[in-house]
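[1] From the sequence below, what's the structure:
(chains A, B and C)
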Amino acid sequence: MAPAITTETAMTGSKPMLTSDELRKVAPALDAYTHNRLLGDVWKRPGLAPRDRSIVTLAALIARNQTIELAYHLNLALDNGVKPREISEIITHLAFYAGWANAMSAVAVAKDVFAARNIGAEELPAVAVTLLPINEAAEAQRATFVEEQFGATFPGVVQYTTDVLFRDLWLRPDLAPRDRSLVTVSALIANGQTAQLTPHLNRAMDNGLTQTEASEAITQLAFYVGWPNVFSAMPVAKDVFARRPH
Amino acid sequence: MAPAITTETAMTGSKPMLTSDELRKVAPALDAYTHNRLLGDVWKRPGLAPRDRSIVTLAALIARNQTIELAYHLNLALDNGVKPREISEIITHLAFYAGWANAMSAVAVAKDVFAARNIGAEELPAVAVTLLPINEAAEAQRATFVEEQFGATFPGVVQYTTDVLFRDLWLRPDLAPRDRSLVTVSALIANGQTAQLTPHLNRAMDNGLTQTEASEAITQLAFYVGWPNVFSAMPVAKDVFARRPH
Amino acid sequence: MAPAITTETAMTGSKPMLTSDELRKVAPALDAYTHNRLLGDVWKRPGLAPRDRSIVTLAALIARNQTIELAYHLNLALDNGVKPREISEIITHLAFYAGWANAMSAVAVAKDVFAARNIGAEELPAVAVTLLPINEAAEAQRATFVEEQFGATFPGVVQYTTDVLFRDLWLRPDLAPRDRSLVTVSALIANGQTAQLTPHLNRAMDNGLTQTEASEAITQLAFYVGWPNVFSAMPVAKDVFARRPH
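    As a prediction, this is how the structure comes out:
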């Protein structure tokens, strides 16, 4: 169980880039909302563990290439029980789901956080790993569908989607498939890519994410990516929930 | 009435981050477009006051997390008559409508601009304020609609939307509802969130934004967020205009 | 013919901002994907020249305001045969298609790259140039269509679209129309603006971009802007391909 969040200094070994004092010199109300609503309320809601809220928040910040609070949230994630090897895989996963430069910007911040906490190579995933077993039937169905749609017109994308994403990246063992899905869904909502949300939210729930957790992840995202993206995502997610067997 | 814009140095107490000389060392044509078309033409168009063009531009930059010209545009906004307390509320508002980290990045720049101009706490909004009166009938209609759509599936988002956004943030008195709407509409277009544009543009016009002002705000945004976002927004805005009573 | 890509140091006069050693201290798998898949495979694919892959990559980074690897990719582009005057025009073009601040952020990086390579004013486009000839029939058709849709409601946008974009920017001679289209299409996909993709991909192909090149540009973009944006773009592009005369 991750420690309860009480104060900023208890939450993390790192300070936010802006102190409350600096924040109040521009936006006293924003400082109050941060403490009373976001840190003091949203992060403490039941239904999604602090560890998972950290994964959602990291995915949102990295997917949107926002580094100002990334050191703080990397430290908070580690304090909340996200493992260094999981953070390493989250960043690698987002290279593919948000773009290479997003991952590079995250590494530039994470390397200093890891160094300050003496996180060494033995706590990171190896390059060559024993992949998780694949569900060959489900993967064959996915690959056939994509091949039929795009094989003739986009052979490069189709090949890398199979070889690199679904037969390699998604099977790397140091981030559980459920967490990988949580990262992917968060990144899609963070970037307004609701067109891709249906298959990935279904995959997330197949991988063990509950409806309550998905709902709370979206509540967390309202604050970190803004209300409009969440209001565009909610009808899609609601439809996914409704169509799944109960 | 805000002062007429004549030259860069008359426009603002702050220099742009890039001088014309630096700009010409890479893109002489861009320097010419900046002076002849953007500063020398767009900003001087009738139909939207320089103060409002500054609000639109600040909202666009903050919503897209672009800090390179933010100090310059914060100074220009203050020169154009936007009050420090309004800037403070614009940033706070965008925490909710564009994401927390966007607001934090803006505060990091604004605190130096405010310090350089000796803007102190007495020019900023208090945390505890007397809220503007609420239109209970309209808010009940909005809340019922959202509750029916999402109350069962996304109770967290629905609760915060009512308690924090519509019964608190939108009623804070140091930014007029019409200006708050202008910020919201600009942020939606800046981030390509046209799916949320219809209700917010209607709210903006209910709050007093004229069709001409909306049209000119979108013209301003073409330059600051790019033509594609504006071409996606125009059919939606045109439809809003057409359906409103004349 | 651009030189074959073999190693990082052979690729470019500039180092990436993160060394492989730094990258491995956070994400060893990402370092391996970068070398084995991206630099060692995607960039070497047939169907799109390294010069064009550089144009696509620069457009993606600038359109998304990502500067962390921009110096590296500007140097790589120059090594791959993109001319300084073309880079100057790419940045200027993206001011209009991705937003003014994106272009300014790119200039801030490019000025140092140009200075380090002693690229002077004589290698840059003039402000006043002899414009390329315009296809008056096609431009009249475009202008009439846009005027009918938006002339009454958005006169400012309509005027600048004609005067500044299609009768000026697109006709500047230092970036070929086909390359200008490649930049535009890449920026649209980079920012998830698939609603504007159909006319611009048709224009690109009218300007000489082949279907194979378009397909490979989208493969390149999968890595630089992320899989979700590419999966949203592919159905649109496939439809464009299918509707064109063969």
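
[2] For chain A, which segments are assigned as helices?
    A:8-11, A:20-24, A:28-32, A:50-63, A:70-79, A:84-98, A:100-116, A:136-150, A:155-160, A:177-190, A:197-206, A:211-225, A:227-243 (DSSP state H).

[3] Out of those helices, which gets nearest to chain C?
    helix A:155-160 (3.2 Å; C-beta to the nearest C-beta). C-beta coordinates here come from the backbone N, C-alpha and C atoms, glycine included.

[4] Contact partners for the residue in chain A positioned nearest to chain B?
    As assessed by C-beta to the nearest C-beta, chain B sits closest to residue A:219 within chain A, at 3.2 Å. Counting by C-beta atoms under 8 Å, 6 or more residues apart in numbering or on different chains, residue A:219 makes contact with A:42, A:45, B:154, B:156, B:157, B:160.

[5] Pull out the buried residues from those.
    A:42, B:154, B:156, B:157, B:160 (16 or more other C-beta atoms under 10 Å in any protein chain shown).

[6] backbone phi and psi for the residue in chain A sticking out farthest from the centre, please?
    Distance from the C-alpha centroid of chain A, by C-alpha atoms, centre = their mean, peaks at residue A:152 (32.3 Å). Per-residue torsions, residue A:152: phi -80, psi -30 (degrees, to the nearest 10).

[7] Mind telling me the two of the contacts of residue A:219 farthest from one another?
    A:42 and B:154 (13.3 Å; C-beta to C-beta).

[8] Same question for stretch A:162-173: list its buried residues.
    A:162, A:164, A:165, A:166, A:168, A:169, A:170, A:171, A:172.

[9] which stretches of chain A have low pLDDT?
    A:1-14 (pLDDT under 70).

[10] do that again at 90, thanks
    Applying pLDDT under 90 to chain A flags the ranges A:1-17, A:245-246.

[11] restrict the buried residues of stretch A:162-173 to those near chain B?
    When contact is defined as C-beta under 8 Å from any C-beta of the partner chain, those do not meet chain B at all.

[12] In JSON lines, list those along with distance to chain C.
    What follows is the buried residues of stretch A:162-173, written out as JSON lines (distance: C-beta to the nearest C-beta, whole Å):
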{"residue": "A:162", "distance to chain C": "12"}
{"residue": "A:164", "distance to chain C": "6"}
{"residue": "A:165", "distance to chain C": "7"}
{"residue": "A:166", "distance to chain C": "11"}
{"residue": "A:168", "distance to chain C": "9"}
{"residue": "A:169", "distance to chain C": "8"}
{"residue": "A:170", "distance to chain C": "12"}
{"residue": "A:171", "distance to chain C": "12"}
{"residue": "A:172", "distance to chain C": "7"}
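
[13] of all the contacts of residue A:219, which comes closest to residue C:19?
    residue A:42 (38.0 Å).

[14] how much space between that closest one and chain C?
    According to C-beta to the nearest C-beta, to the nearest Å, residue A:42 stands 26 Å off from chain C.

[15] Would you check that that residue makes contact with residue A:223?
    Yes. Taking contacts as C-beta atoms under 8 Å, residue A:42 lies within contact range of residue A:223: 6.0 Å.

[16] Would you enumerate the residues in contact with the spatially closest residue to residue A:86 that is not a sequence neighbour?
    Leaving out its chain neighbours, the residue that sits closest to residue A:86 by C-beta to C-beta, 6 or more residues apart in numbering or on different chains is residue A:175, at 5.3 Å. Neighbour list for residue A:175: A:85, A:86, A:89, A:90, A:93, A:183 [criterion: C-beta under 8 Å, 6+ apart].

[17] what do you get for residue A:196?
    Counting by C-beta under 8 Å, 6+ apart, residue A:196 touches A:188, C:228, C:231, C:232.

[18] next one: residue A:101
    Going by C-beta under 8 Å, 6+ apart, residue A:101 touches A:65, C:61, C:64, C:66, C:68, C:69, C:224.

[19] From residue C:105, how far out is the fifth one?
    Between residue C:68 and residue C:105 the distance is 11 Å, computed by C-beta to C-beta, to the nearest Å.

[20] before we move on, what about residue A:72?
    For residue A:72 relative to residue C:105 (C-beta to C-beta), the value is 24 Å.

[21] swap in residue A:131?
    39 Å.

[22] who has more neighbours, those two?
    residue C:105 (24 against 13; other C-beta atoms under 10 Å in any protein chain shown).

[23] Next, count neighbours for the closest residue to the more buried one other than its chain neighbours.
    With C-beta to C-beta, 6+ apart as the criterion, residue C:105 has its nearest non-adjacent residue at 4.9 Å, and that residue is residue B:68. For residue B:68, the neighbour count with other C-beta under 10 Å is 22.

[24] need the contact list for residue B:68.
    Taking C-beta under 8 Å, 6+ apart, one finds B:17, B:18, C:101, C:104, C:105, C:108 in contact with residue B:68.

[25] Near the closest residue to the third one other than its chain neighbours, how many other residues are there?
    Right, the one you point to is residue C:101. Distances taken as C-beta to C-beta, 6+ apart put residue B:66 closest to residue C:101, at 4.1 Å, once the chain neighbours are dropped. Using other C-beta under 10 Å, residue B:66 has 24 neighbouring residues.

[26] Next: residue A:128.
    With other C-beta under 10 Å as criterion, residue A:128 counts 9.

[27] For it, give its distance to residue A:220.
    34 Å.

[28] for residue A:44, same thing?
    11 Å.

[29] Residue A:124 now?
    26 Å.

[30] Comparing those two, which shows the higher neighbour count?
    residue A:220 (26 against 22).

[31] residue contacts, the more buried one?
    A:42, A:43, A:48, A:53, A:56, A:57.

[32] switch the cut-off to 7 Å
    Contacts for residue A:220 (C-beta atoms under 7 Å, 6 or more residues apart in numbering or on different chains) come out as A:42, A:48, A:53, A:56, A:57.

[33] and if you look at residue A:165?
    With C-beta under 7 Å, 6+ apart, residue A:165 has these contacts: A:96, C:227.

[34] Recalculate using a threshold of 10 Å.
    A:93, A:96, A:97, A:171, C:222, C:227 (C-beta atoms under 10 Å, 6 or more residues apart in numbering or on different chains).

[35] excluding its backbone neighbours, what's nearest residue A:240?
    Nearest residue to residue A:240, sequence neighbours excluded (C-beta to C-beta, 6+ apart): residue A:201, at 4.7 Å.

[36] now swap in residue A:31 and tell me
    In space, residue A:31 is closest to residue A:23, 4.3 Å off (C-beta to C-beta, 6+ apart).

[37] That neighbour and residue B:78, how far apart?
    From residue A:23 to residue B:78 the distance is 19 Å (C-beta to C-beta).

[38] One more: residue A:42?
    33 Å.

[39] now do residue A:145
    According to C-beta to C-beta, residue A:145 and residue B:78 sit 55 Å apart.

[40] which of those two has more neighbours?
    residue B:78 (21 against 11).

[41] Surely the more buried one and residue B:87 touch.
    Yes. Between residue B:78 and residue B:87 there is a contact under C-beta atoms under 10 Å: 7.4 Å.

[42] Find residues that contact each of those two.
    B:54, B:113, B:114, B:119.

[43] which of those has the most neighbours?
    Comparing the shared contacts of residue B:78 and residue B:87 by number of neighbours (other C-beta under 10 Å), residue B:54 comes first, having 27 neighbours.

[44] Pull the contacting residues for that one.
    Taking C-beta under 10 Å, 6+ apart, one finds B:2, B:12, B:43, B:73-82, B:86-87, B:90, B:220 in contact with residue B:54.

[45] Please repeat the previous calculation with a cut-off of 6 Å.
    Residue B:54 makes contact with B:76, B:77, B:80, B:82, according to C-beta atoms under 6 Å, 6 or more residues apart in numbering or on different chains.

[46] Reformat those as TSV; add neighbour count and distance to chain C.
    Output for the contacts of residue B:54, formatted as TSV (neighbours: other C-beta atoms under 10 Å in any protein chain shown; distance: C-beta to the nearest C-beta, whole Å):
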residue	neighbour count	distance to chain C
B:76	26	13
B:77	25	15
B:80	22	17
B:82	22	18
